[in-house]
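In: I would like the atomic coordinates for the input below:
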Amino acid sequence: HQQLRREILQQTAWLMLATALTLLILALLLRQKVLRPLHNLLQAIAAANPQRQLQNIIEQISGEFGVLAKTLHGQLLREESDRARLDSIFTAAGEAMLIADGAGVIQRANPATDKLLGYHLEQLQGQTRPTLGYDERSRGQLQGIAAQLRRQGNLAVFTEELIVSHQRGHAIAVMLTCAY
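Out: Below you'll find the predicted structure:
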């Protein structure tokens, strides 16, 4: 009876050792096949030049993470192309265009803004849209438009006639179209 008990304990110890070794091997495989590639992929996405980093991953990693890296790389290339196209349109537009954040702080102005309103980007950047109003009425209109756009949320578009101030101080009537 004791011999049987010893054999059972010995077999249990061997099974526990085999289970521990199996878990160790699985942990190493998990690290090598999943965690390390995922870590590299996340670092590439967060890098200053993610396209180059993703290209390196595509060359180094096969399988699902390689496919994911290739997909992300393609998406980044499309976004860069779209951004360049939009920037080209913004720069070439004959109408003055301003880009402001949700709080109404001007971030960008195209060259036509300088031509039509006399303002360089450096003069406008960091200013709020209402500062372009010619008088109290037009500044109030700009504030009202900004508030209405924020209330309506994404894809809201608003068009209104407005009097704005040229950089030299004279009034200019414009048709203002805002989108948020």
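In: what helix or strand is the spatially most central residue of the chain on?
Out: Geometric centre of the chain, nearest residue: Glu79, 10.0 Å, by CA atoms, centre = their mean. Here Glu79, judged by DSSP states H and E, is contained in helix 63-92.
In: show the average pLDDT along that helix.
Out: For helix 63-92, the mean per-residue pLDDT is 93.
In: helix or strand right after it?
Out: Next helix or strand after helix 63-92 toward the C-terminus (DSSP H and E): strand 98-100.
In: contacts only, for the residue nearest to the centre of the chain.
Out: Contacts for Glu79 were tallied using CB atoms under 8 Å, 6 or more residues apart in numbering; there are none. No exception for glycine: its C-beta is placed from N, CA and C like everyone else's.
In: which SS state does the closest residue to Ala173 other than its chain neighbours fall under?
Out: Among residues not flanking Ala173 along the chain, Ile163 sits closest, at 5.7 Å (CB to CB, 6 or more residues apart in numbering). Ile163 falls in the strand class when you classify it by DSSP: H, G, I helix; E, B strand; the rest coil.
In: confidence score at Ile163?
Out: 86.
In: what about it, how many residues nearby?
Out: 17 (other CB atoms under 10 Å).
In: oh, and call the first residue 13 from now on, that's how I've got it
Out: Sounds good: first residue 13 from here, last item Ile175.
In: pretty sure it contacts Leu144?
Out: No. If you go by CB atoms under 8 Å, Ile175 and Leu144 don't touch, sitting 9.9 Å apart.
In: what's the closest non-adjacent residue to Thr189?
Out: Thr189 sits nearest to Thr171 (CB to CB, 6+ apart), 4.6 Å away.
In: could you check the pLDDT of the one you found?
Out: pLDDT, Thr171: 80.
In: same thing with Leu42?
Out: pLDDT at Leu42 comes out at 95.
In: likewise for His178?
Out: The model's pLDDT for His178 equals 85.
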